[in-house]
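Q: Quick one, what's the 3D model for this:
(one chain, ligands or ions: 1)
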Amino acid sequence: MDNEIQKLTQEFEQTVAVAATVQQIEDLKVKYLGKKGPIQDLMKLLRDVAPDARPLCGKKINDLKVWIDSTLQAKYENCLQQEDQQKIAQETLDVTLPGRRRHLGNSHVVTQAMDQMLNVLMEMGFSVQYGPDIDTDYYNFEALNFSKEHPARDMQDTFYITSNVLLRTHTSNIQARIMEFHKPPIRIAAPGRAYRNETITARSHVFFHQVEVFYVDTGVTFADLQFTLTDFFSRLFKATVETRFRPSYFPFVEPGMEVDLRCLSCGGSGCHLCKQTGWLEVAGAGMIHPEVLKNGAIDPEEYSGFAWGMGVERLALLQHGIKDIRMFTENDLRFLSQFTQ
Ligand code: DAH
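A: Residues are numbered from 1 along each chain as shown. The predicted structure follows:
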């Protein structure tokens, strides 16, 4: 029996020496002290020991059991502590590491230009109204005095969806819609996207943004238009601007004109921004055609109005000296993130 006890003691010492994890210690506990373990086997052998040697023998087995138990317990606590420390070490935060910057989004440069225009217009007493990008031939053309066979329809290469439905070619479509439902005085700024079937180049795109501005009331004159335009651009560029009007043709206005600003960069002496002309083209404008008022059920004998339309990309190009309109839609963050507000 002493031999058996000694053998078991040695075997346990060897096994426990190499156990290194909490799990292994738990397994050893089951293996050595469990019901089917070697200690129980030794207990069973006690029956065959001579009665007078039995108490001593039993004590030895019990001492072994207690020793195995306390050895395992001590080792268990040791391993548990080590594992805890490892875990804590892995989870340690280095508070001296630099933080990760969260990038705040900001408005697209074209949206920024549009917002600037609208803010100035609202300051001047205009309200903002939107209209549909997909519209009928009537609102985009016919109500604006482009009759079906009107040669001016060629000015705007149109994306037709059906023979009667199209992607609007300008935000002037909002004029006719507003006039149908509102009676003068009307002071509206109508922003949005416009679409044209053009070749994409540095200077033209198949879609772009416009703001259409119109005012209808009794006694609105050309002088009002001239003043309002000049005031608008002065507020927008925070400078006293000089405007120049050149006669031009748009079916929905009479007279119609192109609006130029004396070059903001060179003051008129000629530079790359104004292509040496001294002037920057910024809008189309005119007095609303009596037919357009009539189409909106507004009596042209009683009321008159002016309208102008301007490109938003054009403003952003001027403001930032950008040379290629395609950059606005390429979604290149290196470009876009330069224009934080
Ligand atoms: N709708 C014109 C265009 O897209 C711009 C325009 C010209 C608007 C003259 C107007 C205007 O209101 O009076 O080219």
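Q: Tell me the spacing between the residue nearest to S248 when sequence neighbours are not counted and W308.
A: In this structure, S248 finds its nearest non-sequential neighbour in E258, 4.6 Å apart by C-beta to C-beta, 6 or more residues apart in numbering. C-beta coordinates here come from the backbone N, C-alpha and C atoms, glycine included. Distance, E258 to W308, by C-beta to C-beta, to the nearest Å: 10 Å.
Q: okay, and the common contacts of these two?
A: A283, G284, A285 (C-beta atoms under 8 Å, 6 or more residues apart in numbering).
Q: quick one: which of E258 and W308 has more around it?
A: Of the pair E258 and W308, W308 is the one with more neighbours under other C-beta atoms under 10 Å, namely 22 against 18.
Q: Please give the element, helix or strand, for the more buried one.
A: strand 304-311 (DSSP states H and E).
Q: Direction included, what does that strand pair against?
A: Strand 304-311 pairs in its sheet with strand 207-217 (antiparallel), strand 279-288 (antiparallel), by DSSP bridges.
Q: Alpha carbons of that strand, as CSV, please.
A: Extracted in CSV, the C-alpha atoms of strand 304-311 (Å, rounded to 0.1, in the frame of the first residue of the first chain):
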residue,chain,number,x,y,z
SER,A,304,-46.0,93.5,-64.5
GLY,A,305,-43.0,91.6,-63.4
PHE,A,306,-39.3,90.8,-63.8
ALA,A,307,-37.4,87.6,-63.8
TRP,A,308,-33.9,86.4,-63.8
GLY,A,309,-32.1,83.1,-63.8
MET,A,310,-28.6,82.2,-62.8
GLY,A,311,-26.3,79.2,-62.7
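Q: what comes into contact with it?
A: Against strand 304-311 from outside (C-beta under 8 Å, 6+ apart): 117, 170-172, 175, 184, 186, 208-222, 224-225, 228-229, 252-253, 259, 282-288, 293.
Q: all strands for this protein, in order.
A: 127-128, 134-136, 165-167, 186-195, 207-217, 243-248, 253-262, 279-288, 304-311 (DSSP state E).
Q: would you turn these into CSV with mean pLDDT and distance to the ligand?
A: Putting the strands of the chain into CSV (pLDDT from 0 to 100; distance: least, C-beta to the nearest ligand atom, whole Å) gives the following:
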stretch, mean pLDDT, distance to the ligand
strand 127-128, 98, 16
strand 134-136, 97, 13
strand 165-167, 95, 13
strand 186-195, 98, 6
strand 207-217, 98, 5
strand 243-248, 97, 8
strand 253-262, 96, 4
strand 279-288, 96, 3
strand 304-311, 98, 3
